[in-house]
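*Asks:* Sequence and predicted structure are below.
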Amino acid sequence: MTYASERGVGARNEDYAAAAMDWAFVLDGATAAPGVDSGCRHDVRWLVERLGAALAWELSAARRPTLPDALAGAIERVRADHGGGCDLGNPDSPSATVAVARRAEDGAGVEYLVLADSAVLLPDPDGKVTVVCDDRLDHLPGGRPYSRELVSASRNVPGGFWVASTVAEAAHEAVTGSVRCEDPRFALLTDGCTRLAEYYGHPWSSVWEHLDEHGPDSLISWVRAEERRHGVPRGKRHDDATALYARP
């Protein structure tokens, strides 16, 4: 497995990636909006580092938990790490998106989990690519641009959208599934990379082919070139960007 991660315009890279022989994941910390009280004494980077370490521990367990159970266990561990000085009921507590893929025990398939706006890419036998995403954040009432109040009220509640934060139940609301295939390749992208398709209209098959032929570093360079050429319709001009590619 190979990956690349590059900071955007922020002071620190709030993405995170980890991998082992049969699993990998990426996290994308959600940057707090200016002036929002998170109720937490920790920043987003703290959250993604703790969540990443906890999720890696859960995925490495000999009992081989389901992906939702592994993520739920990781969230519970991070809740405990907060200590008593944080308001864990605050909906604006630091949070992250999650994309996980794990090869089947028999090697003939891939399991996946996606929570919020990162993505899993899986090649099809016919040369196309299946993109697994969680687009619930794109369908809040009234359409974009969203108010801070709407986003806060919609976070980690039924009918809204779900992220990895302080609510372990979110793990069981993730988009999950599995594919049976002989091709063990997959890719994981944070939204700093998915904008190639979502903002700039490149076919997902082209994104996959670029990763397969040139690797994650080159994919991020392509993202930056498009940002400089076309700007962005919303969000940061240069977001943190992480791409992970798994092949035999």
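*Replies:* Perfect, thanks for sending it.

*Asks:* those helices in this protein, which residues are they?
*Replies:* 44-59, 67-82, 148-154, 191-198, 204-214, 216-230 (DSSP state H).

*Asks:* need the ones you listed in a markdown table with mean pLDDT and mean neighbour count, can you?
*Replies:* Using the backbone N, CA and C atoms, a C-beta is placed for each residue, glycine as well. Below are the helices of the chain laid out as a markdown table (pLDDT from 0 to 100; neighbours: other CB atoms under 10 Å):
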| stretch | mean pLDDT | mean neighbour count |
| --- | --- | --- |
| helix 44-59 | 98 | 21 |
| helix 67-82 | 98 | 20 |
| helix 148-154 | 94 | 14 |
| helix 191-198 | 97 | 23 |
| helix 204-214 | 97 | 17 |
| helix 216-230 | 98 | 16 |
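
*Asks:* JSON lines for those helices, including distance to D135?
*Replies:* Output for these, formatted as JSON lines (distance: least, CB to CB, whole Å):
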{"stretch": "helix 44-59", "distance to D135": "22"}
{"stretch": "helix 67-82", "distance to D135": "19"}
{"stretch": "helix 148-154", "distance to D135": "14"}
{"stretch": "helix 191-198", "distance to D135": "10"}
{"stretch": "helix 204-214", "distance to D135": "14"}
{"stretch": "helix 216-230", "distance to D135": "20"}
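
*Asks:* of all these, which lies closest to P34?
*Replies:* Closest of the helices of the chain to P34 is helix 148-154, at 9.7 Å (criterion: CB to CB).

*Asks:* Give me the residues contacting the closest one.
*Replies:* Defining contact as CB atoms under 8 Å, 6 or more residues apart in numbering, one finds that helix 148-154 is touched by 33, 36, 91-92, 140-142, 160-161.

*Asks:* between those residues, which has the most around it?
*Replies:* F161 (22 neighbours; other CB atoms under 10 Å).

*Asks:* so that residue touches L140, yeah?
*Replies:* Yes: between F161 and L140 there is a contact at 7.2 Å, judged by CB atoms under 8 Å.

*Asks:* circling back to that earlier point, nearest to A168, of the helices of the chain?
*Replies:* Comparing these by CB to CB, helix 67-82 comes nearest, at 4.3 Å.

*Asks:* from the chain's centre, how far out does that closest one sit?
*Replies:* 16 Å (CA atoms, centre = their mean, to the nearest Å).

*Asks:* next one: stretch 197-209
*Replies:* 17 Å.

*Asks:* Please narrow the contacts of helix 148-154 to those residing in strands.
*Replies:* Residues of the contacts of helix 148-154 located in strands (DSSP state E): none.

*Asks:* picking that back up, and G8, which of the helices of the chain is closest to it?
*Replies:* Closest among those, once you apply CB to CB, is helix 191-198, at 6.3 Å.

*Asks:* The closest one to helix 204-214, inter-axis angle?
*Replies:* Calculated by axes from the mean of the first three to the mean of the last three CA atoms, to 10 degrees, helix 191-198 forms an angle of 130 degrees with helix 204-214.

*Asks:* And helix 191-198, what does it pack against?
*Replies:* helix 204-214, helix 216-230, strand 241-246 (3 or more CB pairs under 8 Å, 6 or more residues apart in numbering; DSSP states H and E).

*Asks:* so what's the backbone phi/psi at K236?
*Replies:* phi -70, psi 140 (degrees, to the nearest 10).

*Asks:* Tell me how many other residues surround it.
*Replies:* Residues lying near K236 (other CB under 10 Å) number 13.
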